[in-house]
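K.L.:
Provide a 3D model corresponding to the input given below.
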Amino acid sequence: MTVRNALAFAVVAGSLLMTSAACSSDGDSDETTRATPSVAVPTSANVALPAGPLALTDPGEALLWSDTALLPSDAFRPDQQLAGFTVTGIEPAPGGALPDSFTHGGSPFYIHLTVTQAVDRQRNALSTAGFAGSADGVTPALTLTPPPNVAGCQAGPPPQTLAKGQSYATCLVALADPDTTLTRVIYWADTGDDRYDYKSAPVVWSDGTAPAAPSSSTQPTG
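P.N.:
Here you go, the predicted model:
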């Protein structure tokens, strides 16, 4: 089953994000995942926001790992408050770290990012909606909150409030088709506002090397 088909299954079942325990199969896709080596990536960053007025990071910006983008703290309220988002990297998950009932044959990758409060008075809940793994910096992979208690990819509820300059680290799981390697992280939120058209021109984090050719990896839900 491809990741694209897995998405359709998840919509019908309505329980993909809630699934947290199952046995891994011995199928070819699982063997592909097991054969993918893990590369150490920092799970958090020490972030210092720039002094003075903060400016929104433009759509289409190309950033390096551990660079900070200033983006809407809530993708659905893009003209309100900003937050700092620092992506430290993306790495393949160790074999067997996630059940097949979650991956549905996809190869899982961990996205590590740090979210920093950028305003004095928080009005919007800080959200990571709009972040996704990508092979080419354009095509988003299906990206989900991990199940509870996944070693190496923890994503508890975000703090209700943070003082300006305070941060929290979190993690997402991107699922790729077995033959696809995700080497980038993109912010591609559909804000509904043409001034913030990140869906057409994502912000991209990478190691600075040239991207792969556009892939057919399935697209995420949000």
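
K.L.:
what's the spacing between the residue nearest to Leu144 when sequence neighbours are not counted and Asp193?
P.N.:
Distances taken as CB to CB, 6 or more residues apart in numbering put Val173 closest to Leu144, at 5.3 Å, once the chain neighbours are dropped. No exception for glycine: its C-beta is placed from N, CA and C like everyone else's. Per CB to CB, to the nearest Å, Val173 is found 28 Å from Asp193.

K.L.:
Show me which of the two is the more surrounded one.
P.N.:
Neighbour count, other CB atoms under 10 Å: between Val173 and Asp193, Val173 has more, with 25 against 14.

K.L.:
Look up phi and psi at Asp100.
P.N.:
Dihedral pair for Asp100: phi -60, psi -30, per degrees, to the nearest 10.

K.L.:
Sorry, wrong one. I was asking about Phe102.
P.N.:
phi -100, psi -40.

K.L.:
Distance check, it against Tyr110.
P.N.:
From Phe102 to Tyr110 the distance is 13 Å (CB to CB).

K.L.:
got it, and Pro92?
P.N.:
Taken as CB to CB, the span from Pro92 to Tyr110 is 8 Å.

K.L.:
Those two: which has the busier surroundings?
P.N.:
Tyr110 (27 against 19).

K.L.:
Am I right that the more buried one sits in a strand?
P.N.:
Yes. Checked against DSSP: H, G, I helix; E, B strand; the rest coil, Tyr110 lies within a strand.

K.L.:
Let me see the contact set for it.
P.N.:
Val41, Ile90, Glu91, Pro92, Ala93, Pro146, Gly152, Cys153, Cys171, Leu172, Val173, Ala174 (CB atoms under 8 Å, 6 or more residues apart in numbering).

K.L.:
so what strands line up beside the stretch of helix or strand the second one belongs to?
P.N.:
Put plainly, it is Ile90. Taking DSSP states H and E as the criterion, Ile90 maps to strand 82-92. Using DSSP bridges, strand 82-92 pairs in its sheet with strand 68-72 (antiparallel), strand 107-117 (antiparallel).

K.L.:
among those strands, which is nearest Leu82?
P.N.:
strand 68-72 (4.8 Å; CB to CB).

K.L.:
pLDDT at Val173, what is it?
P.N.:
What the model reports for Val173 is a pLDDT of 99.

K.L.:
With the one 4 residues further on instead?
P.N.:
In this model, Asp177 is scored at 94, pLDDT.

K.L.:
Quick check: neighbours shared by Phe102 and Tyr110?
P.N.:
Val173.

K.L.:
to the chain's geometric centre, what's the distance from stretch 117-128?
P.N.:
Centroid displacement of stretch 117-128 relative to its chain, using CA atoms, centre = their mean, to the nearest Å, is 19 Å.

K.L.:
Okay then, goodbye and thanks.
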